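> here is a sequence together with a model predicted from it:
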Amino acid sequence: MPSRRPGWGTKIVLPMLISAMLFACTSDPEPERTSEPTVEPTVASTVEPVVEPSPTVVSTPEPTLADDEPAQVTTVEAGTTIEDPAGNLIAVHGVGTVPDAVLSLRSLELFGDAEELLDPSLVFIDVSWCSAGMLDDSATPPVASVDLSLVAAPDVPLGDPGLLAFRQPLRSPGFVIADPGACSRGWAAVAVPGGDGDPSTARYVYTDPLSSTYEAHVFQWELPAPVELGADPVAGGPEVFRAGQVVTFNEGSLRGTTVTLRGWAELIGVDSPVAETRVVGVLVEVCPANEDWPELGLAIDGWNVVEPLDPADRLGADPLAPLSGNCFEDWAEFGLPFGLAPSGFFVGDGAEPDVGFAIWTLEGAAIAPPG
């Protein structure tokens, strides 16, 4: 019996198995899995703004007069007389402002320190003063200086004195310290600092000139409301002369010079070089004792403000001629705003508001103009 050969199925399957095994051995191994990094969950966070704590504000109290530690503070009503440590008797009676009619004189050349007059902060206080008598000529003067000022309230700290000095008193009569044992009364010019409010208190500060501690003695007067000052004078001021009276200067640069007021007149038909003014003339005689010629001026409603239209005229005298021993009489011409009347005529040396100053009233002094 013939022997049997293996079937095709066997022949085919075996090679296939072998091939499968070989394929399995030769194929690339499956790549090893790598673990992904663990992602932490994102937590939404709110960033709060940094707020600086508010600083603690400690209110600083406004300084007062008590902070200056004055040795004495005395506050009285206007018109009350006080006595300072030197024995002087002082009273402040009121306060007044420069009238608009005078402030409007900006177009004129004003006599003296015009810029101060044109400052609306300028006010005047009515002061009376009786100086203590001195035992002998070598005694210390009763006061070294007059520290007068105006403040908005009695408790305002001490400041610089507000008293102003002029080449001649702007307001007639001007305040001067009386001689020992005598009394005087007049207007003292005071500047009120801007923004300090209306002045309600007048202040006088005394410090002993011989003391090493400079202790301040403060005296204050509560004032009524300021009023616009007209031509009404105050009693007790420097002497006011009348037409026809001869005045001889005894001190200063005008020592020995005599001046006589004859009268005043409206100079009709004379044109003024200053707009909105008319010309008035004052007939005056001047007998100079030396080459220092006096300054002449016109007062308006009690304000000594206007100088002659031609100050160099010198009453017709030759400016180059020697003046000693000669007398000159002529009309001094002034530009006067319409609607205002002259109240006085004054002569000064331009330096000493006391001994170098004299004033005549023009009341009842009208005379005929030059022909």
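Cool, got the structure.
> so where's the protein uncertain?
Low-confidence segments of the chain (pLDDT under 70): 1-48, 106-116, 134-145, 193-197, 212-213, 231-238, 319-325.
> surely Val280 is within a strand?
Yes: counting by DSSP: H, G, I helix; E, B strand; the rest coil, Val280 is found in a strand.
> burial count for it?
A count of nearby residues for Val280, using other CB atoms under 10 Å, gives 23. Every residue, glycine included, has its C-beta placed from N, CA and C.
> check contacts around it.
Neighbouring residues of Val280 by CB atoms under 8 Å, 6 or more residues apart in numbering: 264-267, 298, 333-334, 336, 342.
> highest neighbour count among the residues you listed?
Using other CB under 10 Å as the neighbour test, the contacts of Val280 are led by Phe334, with 28 neighbours.
> closest to Ala188 out of the contacts of Val280?
Of all the contacts of Val280, Ala188 sits closest to Leu298, with 22.2 Å by CB to CB.
> quickly find the element holding that closest one.
Per DSSP states H and E, Leu298 falls inside strand 295-300.
> quick revisit: distance to Pro120 and secondary structure added to the contacts of Val280, as CSV?
Listed next are the contacts of Val280 as CSV, based on distance: CB to CB, whole Å; DSSP: H, G, I helix; E, B strand; the rest coil:
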residue, distance to Pro120, secondary structure
Trp264, 30, strand
Ala265, 34, strand
Glu266, 31, strand
Leu267, 32, coil
Leu298, 23, strand
Glu333, 30, strand
Phe334, 24, strand
Leu336, 22, strand
Pro342, 24, strand
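> out of the residues you listed, which is nearest to Gln72?
So of the contacts of Val280, ranked by how close each gets to Gln72 (CB to CB), first place is Leu298, at 44.0 Å.
> export the helix or strand following the strand holding Leu298 to PDB, keeping only CA atoms.
Using DSSP H and E, the helix or strand that follows strand 295-300 in sequence is strand 303-306. Extracted C-alpha coordinates of strand 303-306, given in PDB (Å, rounded to 0.1, in the frame of the first residue of the first chain):
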ATOM      1  CA  TRP A 303      -5.200 165.100  54.100                       C
ATOM      2  CA  ASN A 304      -1.800 166.700  53.400                       C
ATOM      3  CA  VAL A 305      -1.200 165.200  50.000                       C
ATOM      4  CA  VAL A 306      -0.700 167.700  47.100                       C
END
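> tell me what strand 303-306 is packed against?
Applying 3 or more CB pairs under 8 Å, 6 or more residues apart in numbering; DSSP states H and E, we find strand 303-306 packed against helix 114-117, strand 295-300, strand 328-337.
> how far off centre is that strand?
21 Å (CA atoms, centre = their mean, to the nearest Å).
> for the stretch 51-200 of the chain, just list every one of the helices.
Using DSSP state H, counting those that start in this stretch, the helices of the stretch 51-200 of the chain run over 100-103, 114-117.
> about what we covered before: mind listing what the strand holding Leu298 pairs with, with the direction of each?
Counting by DSSP bridges, the strands paired with strand 295-300 are strand 303-306 (antiparallel), strand 342-348 (antiparallel).
> format those strands as TSV; extra columns: distance to Pro99.
As requested, the strands paired with strand 295-300 are exported to TSV (distance: least, CB to CB, whole Å):
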stretch	distance to Pro99
strand 303-306	8
strand 342-348	12
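> need the winner for burial among those strands.
Per-stretch averages of neighbours, counted by mean count of other CB atoms under 10 Å, single out strand 303-306 among those, with a mean of 26.
> chain neighbours aside, what residue packs nearest to Phe365?
Residue 365: Ala, not Phe. Distance criterion CB to CB, 6 or more residues apart in numbering; nearest residue to Ala365, sequence neighbours excluded, is Ala243 at 3.8 Å.
> distance of that neighbour from Asp349?
Noted for Ala243: a distance of 22 Å to Asp349, by CB to CB, to the nearest Å.
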